[in-house]
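Asker: pasted the sequence and its predicted model underneath.
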Amino acid sequence: MESSSQGPADRTIVVWYRRDLRVADNEALWAAVHSGARVVPVFVSSEDDEQPWQPGAAQRWWIHHSLVSLRAALAEIGLDLVVRKGAFAKSLIAIASEVGADAVFANRRFEPHAASSDAETDKVLSSGGISLQLFDGFLLHDPAQIRTGAGGPYRVFTPFWRRLQEQLRVPPPVGAPELSLGQRTASPGGASIDLGSIESLGLLPTVNWTAEIARTWVPSEAGAHAALDEFVTNRNSVYESRRDFPAELGTSRVSPFLANGQLSPRQIWYAVARSPTIANADAGAHPYLRQLGWREFSYHVLRHNPFTSDAPLNARFVSFPWRRSKADLQKWQRGQTGYPIVDAGMRELWATGWMHNRVRMVVASFLTKHLLLNWRHGAAWFWDTLVDADLGNNTMGWQWSAGTGADAQPYFRVFNPTTQGKKFDRDGTYVRRWLPELARLENKYLHAPWDAPDDVLERAGVRLGETYPKPIVPHAEARERALAAYGQVKG
Ligand SMILES: Cc1cc2nc3c(=O)[nH]c(=O)nc-3n(C[C@H](O)[C@H](O)[C@H](O)COP(=O)(O)OP(=O)(O)OC[C@H]3O[C@@H](n4cnc5c(N)ncnc54)[C@H](O)[C@@H]3O)c2cc1C
């Protein structure tokens, strides 16, 4: 729909891009365009304002390339993207006064540090006579508006999901807005403002370790819709049965697009459910929509327990006797634990910036239970290496795996990495893909090379302790140690 006025707009609004790097179904952009104002889209990179959760290295790579494609997509509708490096409030005030804007429109963020930074930015902007108006779109539902019968927040997913389904009415997504000539800034006579170079934001690493990430992903709105369409067309119907096998393309792999905003959750909801409510969605879509429900739950828990990105939800774990071992942490980070499914996952993460959910659960359990290292080390490593790093989901995933969080994995459930490997990577395709040094080992021993007879290892070219590590800790011993430590706090 095109905004009605064709003359020059007499008001200017800055649209502040954050984790919503898209043109279609972007509430802040849509509202600014439909107010009839001239629109100036802006992205500001500020490590200080994002502390302590400034984007990690992999996500910075993602954001850089997303900005390049966003700039091109905005140009197609007549807008020039302005980019700046510096404090949010100061940069926005400077741009607003340069272009004569009286308002900044943005989509709300739900991470606790971002919410308080927004409150601060709002104060500074309003002291300069500029209003900050926030819109919703990052989640399907306001996490503060879901309450138990007793009026409190939920801590268990299933009843939360039941209540969410009762309340949820997802409005259909909107497309890219169409601007009248007078609203465009990329037209002759538009904003004469230095647009800033995306390179100057310094988001790319100085040493280029991102080649495999670049081969794996297309960080753009077009790339996002291609991934979503491919999933809906070919794989949604088999999602439930194939989602646990990391060698397969069994899940949608939309997480980085969702975390960085090339897709809105309601675009995904409509592509999959094709209805405003889950009750009317095709039953085959339900298992997938339930996963979107976990994302809503993670933000519900974080909203009501903002400390949980840094501390256990379950207070009994505050004094948990975590081990300290830099050497073990490094072996885990580098995929050198001697457990093939764990090492394959960690190397997939390093190479591609992503890891399959089943393997995320296995490696997280391994770090916290086999190695008894604090989940916060794992969460920090994921934060730096994931292209889909997302504070709600990452916090929830780690606290769930460590047994310290909401609706968490019980403390006595210690994943056996060998069994997990045999069950979910039966023919070893996943392990062989990421551990070439084990590629010639026969299936029977692939998930437990230490059990292989010498001649089998020799034929496969494997020398344990040289070409591939011996297990960092024997499973039975690690399990006993974890049960003893967790037993102290189970209460
Ligand atoms: C230790 C650990 C850390 C994690 N860290 C992150 C993270 O930083 N960012 C992130 O987006 N997800 C995280 N997850 C959740 C999950 O692993 C990923 O969302 C999923 O692997 C993304 O792949 P997909 O898009 O193919 O998922 P699909 O299975 O296709 O699911 C579709 C979408 O639903 C949501 N979703 C799926 N599973 C979960 C889940 N268990 N919890 C919350 N939302 C879910 C995601 O947004 C996902 O993109 C983590 C899980 C664990 C166990």
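Answerer: Looks like it arrived, so ask away.
Asker: show me what counts as buried in the one helix or strand residue 121 maps to.
Answerer: Taking DSSP states H and E as the criterion, residue 121 maps to helix 112-127. By 16 or more other CB atoms under 10 Å, the buried positions in helix 112-127 come out as 112, 113, 114, 117, 118, 121, 122, 124, 125. No exception for glycine: its C-beta is placed from N, CA and C like everyone else's.
Asker: contacting residues for the residue nearest to residue 417 when sequence neighbours are not counted?
Answerer: With sequence-adjacent residues excluded and distances taken as CB to CB, 6 or more residues apart in numbering, residue 417 is closest to residue 339, at 4.2 Å. Contact analysis of residue 339 by CB atoms under 8 Å, 6 or more residues apart in numbering lists 366, 417, 418, 421, 471, 472.
Asker: please name the nearest non-neighbouring residue to the residue of the chain found nearest the ligand.
Answerer: Residue nearest to the ligand within the chain: residue 397 (2.4 Å; CB to the nearest ligand atom). Spatial nearest neighbour of residue 397, excluding adjacent residues (CB to CB, 6+ apart): residue 360 at 6.1 Å.
Asker: check which helix or strand covers the one you found.
Answerer: Here residue 360 sits within helix 357-365, counting by DSSP H and E.
Asker: what residues of the helix or strand following that helix count as buried?
Answerer: Counting by DSSP H and E, the next helix or strand C-terminal to helix 357-365 is helix 375-385. Buried residues in helix 375-385, counted by 16+ other CB under 10 Å: 375, 376, 377, 378, 379, 381, 382, 383, 385.
Asker: which among the residues you listed are in contact with the ligand?
Answerer: Counting by CB under 6 Å from any ligand atom, residue 382 from the buried residues of helix 375-385 sit close to the ligand.
Asker: and the strands in this protein, which stretches?
Answerer: Here the chain has its strands, by DSSP state E, at 12-17, 38-45, 82-85, 101-107, 131-135.
Asker: how near is residue 478 to residue 370?
Answerer: Distance, residue 478 to residue 370, using CB to CB, to the nearest Å: 4 Å.
Asker: oops, could you answer that again for residue 249 instead?
Answerer: Taking CB to CB, one finds residue 249 at 29 Å from residue 370.
Asker: and the two? Which one has more around it.
Answerer: The neighbour count for residue 249 versus residue 370, taken as other CB atoms under 10 Å, is higher for residue 370 (28 against 12).
Asker: now for that one: which residues touch it?
Answerer: Counting by CB under 8 Å, 6+ apart, residue 370 touches 414, 417, 472, 473, 475, 478, 479, 482.
Asker: try residue 197
Answerer: Residue 197 sits next to residue 83 when contact means CB under 8 Å, 6+ apart.
Asker: check the one 4 residues further on too.
Answerer: Under the criterion of CB under 8 Å, 6+ apart, the contact partners of residue 201 comprise 45, 64, 67, 83, 85.
Asker: list the contacts for the fourth one?
Answerer: It refers to residue 83. Residue 83 neighbours (CB under 8 Å, 6+ apart): 42, 43, 44, 45, 67, 195, 196, 197, 198, 200, 201.
Asker: and the buried ones among these, selectable in ChimeraX?
Answerer: A single ChimeraX command selects the buried members of those (16+ other CB under 10 Å):
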select :42,43,44,45,67,196,198,201
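Asker: rewinding a little: confirm for me that the residue nearest to residue 397 is in contact with residue 345.
Answerer: Yes. With contact defined as CB atoms under 8 Å, residue 360 reaches residue 345; the gap is 7.2 Å.
Asker: who has more neighbours out of the two?
Answerer: Neighbour count, other CB under 10 Å: between residue 360 and residue 345, residue 345 has more, with 27 against 22.
Asker: just checking, that one touches residue 363?
Answerer: Yes. Shown here, residue 345 and residue 363 form a contact pair, counting by CB under 8 Å, at 4.7 Å.
Asker: from residue 419, how far off is residue 444?
Answerer: 14 Å.
Asker: ugh, wrong one, residue 349
Answerer: Distance, residue 349 to residue 419, using CB to CB: 21 Å.
Asker: please say which of those two ends up with more neighbours.
Answerer: Neighbour count, other CB under 10 Å: between residue 349 and residue 419, residue 349 has more, with 24 against 13.
Asker: next one: the more buried one from residue 212, what distance?
Answerer: Noted for residue 349: a distance of 11 Å to residue 212, by CB to CB.
Asker: give me the pLDDT for the residue nearest to residue 417.
Answerer: Model confidence at residue 339, expressed as pLDDT, equals 98.
Asker: residue 224 now?
Answerer: Residue 224 is assigned 98 on the pLDDT scale.
Asker: before we move on, what about residue 141?
Answerer: Note on residue 141: pLDDT of 96.
Asker: for the remainder of this discussion, apply numbering that starts at 55.
Answerer: Will do, 55 is the new start, and the previous item becomes residue 195.
Asker: and it, how many residues sit next to it?
Answerer: Neighbour count for residue 195, taken as other CB under 10 Å: 19.
Asker: just checking, it touches residue 220?
Answerer: No. Using CB under 8 Å, residue 195 is not in contact with residue 220, being 11.0 Å away.
Asker: which ones are touching residue 120?
Answerer: With contacts defined as CB under 8 Å, 6+ apart, residue 120 is in contact with 75, 273, 274, 314, 316.
Asker: overlap of the contact sets of residue 532 and residue 424?
Answerer: With contacts taken as CB under 8 Å, 6+ apart, the residues that reach both residue 532 and residue 424 are residue 468.
Asker: one step back: turn the contacts of residue 393 into a markdown table, including neighbour count, pLDDT and distance to the ligand.
Answerer: Shown next, in a markdown table, are the contacts of residue 393 (neighbours: other CB atoms under 10 Å; pLDDT from 0 to 100; distance: CB to the nearest ligand atom, whole Å):
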| residue | neighbour count | pLDDT | distance to the ligand |
| --- | --- | --- | --- |
| 420 | 29 | 98 | 11 |
| 471 | 26 | 98 | 14 |
| 472 | 18 | 98 | 19 |
| 475 | 24 | 98 | 17 |
| 525 | 19 | 98 | 21 |
| 526 | 20 | 98 | 19 |
